[in-house]
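Student: below: sequence and its predicted model.
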Amino acid sequence: MIAKPAEGGAPRIIPALDTGDLAKAEALAASLAGRCGVLKVGLELFCAAGSPAVTAVARHAPVFLDLKLHDIPNTVAGALRSLLPLRPAMVTLHAGGGPAMIAAARAEAEKAGTARPLLLAVTVLTSMDAAALAATGVADTPAQQVLRLAKMAVAAGADGLVCSPQEAALLRAELGPGPALVVPGVRPVGSAVGDQARVATPAEAVAAGADWIVVGRPITGAPDPAAAAMAIAAAIPG
Ligand SMILES: O=c1ccn([C@@H]2O[C@H](COP(=O)(O)O)[C@@H](O)[C@H]2O)c(=O)[nH]1
């Protein structure tokens, strides 16, 4: 399993290679790999190019395969079985799938032995504010719902959690140093927020307890993505 980055050590930034163009993703991977420890393949790239996208990006750095699996336990276990030969370093599944789904995924992942991916449970999407959450029938605040889902997911076998920077400190305080915290919704000072709702700067996210921060458009949309990634790294103390 991939180890958490040590303080002041391995780079903590995971660029999201969100494009439907595999050649563009490969070029981004080649330019960013030296500066970032892990690269993220998400739904846009995977739906466009499939498993060859993972293989191509993995030539440059370990892959965070962010497919946010969410289905009945048997189907999620089967999806994971199909993904494990790609040797992703991290895989996401929605915590909302419940404890049986997460436990089934963990049991399947264990079959890959020490090479297994980190299983990360997505709590409440960082694009959702309190009103969006209420529209799904959840009257609690995003922080309350994130904590509820996080506790359940870790108890069911998740190795870590995807949360916004605004809940990272709460999860660290409640769950301790064990679970990996992978944090999107990160915006360098002056960057457009776009469709993200619960955001903070890279420095704030890391100070709150993020092990890795996920940054997409502020890097991939920059005229020089590698320079943008280096500027983000430089803005994180330590
Ligand atoms: O709650 C979540 C879970 C995953 N993501 C993913 O992270 C990146 C963020 O991209 P930006 O361009 O920096 O907004 C993207 O791939 C999402 O699918 C998330 O944003 N929030």
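Tutor: It's in.

Student: can you name the residues of the chain that neighbour the ligand?
Tutor: Proximity of the chain to the ligand, by Cβ under 6 Å from any ligand atom, involves residues 16, 18, 42, 66, 122, 125-126, 162, 184-185, 194, 196, 214-217. (C-beta placed from N, C-alpha, C; glycine too.)

Student: which ones are touching the residue in the chain positioned nearest to the ligand?
Tutor: Closest contact between the chain and the ligand, by Cβ to the nearest ligand atom, is at G216 (2.5 Å). Counting by Cβ atoms under 8 Å, 6 or more residues apart in numbering, G216 makes contact with P15, A16, D18, K40, P184.

Student: try it again with 10 Å
Tutor: Contact analysis of G216 by Cβ atoms under 10 Å, 6 or more residues apart in numbering lists 14-19, 40, 42, 44, 184, 186, 194, 196.

Student: write the ChimeraX selection for whichever of these are buried.
Tutor: Command for ChimeraX that selects the buried part of those, burial taken from 16 or more other Cβ atoms under 10 Å:
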select :14,15,16,17,18,19,40,42,44,184,186,196
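
Student: let's see which of the contacts of G216 end up in strands.
Tutor: Mapping the contacts of G216 onto strands (DSSP state E) picks out I14, P15, K40, G42.

Student: run through who's touching stretch 43-55.
Tutor: Stretch 43-55 has contacts (Cβ under 10 Å, 6+ apart) with 16-26, 28-29, 41-42, 56-57, 63, 65-68, 82-83, 85-88, 216.

Student: top helix in the chain by residue count?
Tutor: When the chain is parsed with DSSP state H, its longest helix is helix 142-156.

Student: show me what secondary structure element comes after that helix.
Tutor: On the C-terminal side of helix 142-156, the nearest following helix or strand under DSSP states H and E is strand 160-162.

Student: out of the ones in strands among the contacts of G216, which is nearest to A109?
Tutor: A109 lies nearest to K40 out of the ones in strands among the contacts of G216, by Cβ to Cβ, at 18.3 Å.

Student: surely the closest one meets D18?
Tutor: Yes - the pair K40 / D18 is scored as a contact, 8.1 Å apart, by Cβ atoms under 10 Å.

Student: now do the shared contacts for these two.
Tutor: Contact criterion Cβ under 10 Å, 6+ apart; residues shared by K40 and D18: D66, G216.

Student: now the strands for this structure?
Tutor: With DSSP E as the criterion, the chain has strands spanning 13-15, 39-42, 63-69, 90-94, 118-122, 160-162, 180-183, 212-215.

Student: who does the residue most central in space within the chain bridge with?
Tutor: The residue lying closest to the centre of the chain (Cα atoms, centre = their mean) is V182, at 4.9 Å. Beta-bridge pairing for V182 (DSSP bridges): V162, W212.

Student: please apply the same query to the one 4 residues further on.
Tutor: Here V186 shows beta-bridge partners A200, assigned using DSSP bridges.

Student: on that earlier part again, and the contacts of G216 as a markdown table, adding pLDDT?
Tutor: Formatted as a markdown table, the contacts of G216 follow (pLDDT from 0 to 100):
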| residue | pLDDT |
| --- | --- |
| I14 | 97 |
| P15 | 98 |
| A16 | 98 |
| L17 | 98 |
| D18 | 98 |
| T19 | 98 |
| K40 | 98 |
| G42 | 98 |
| E44 | 98 |
| P184 | 98 |
| V186 | 98 |
| G194 | 97 |
| Q196 | 98 |
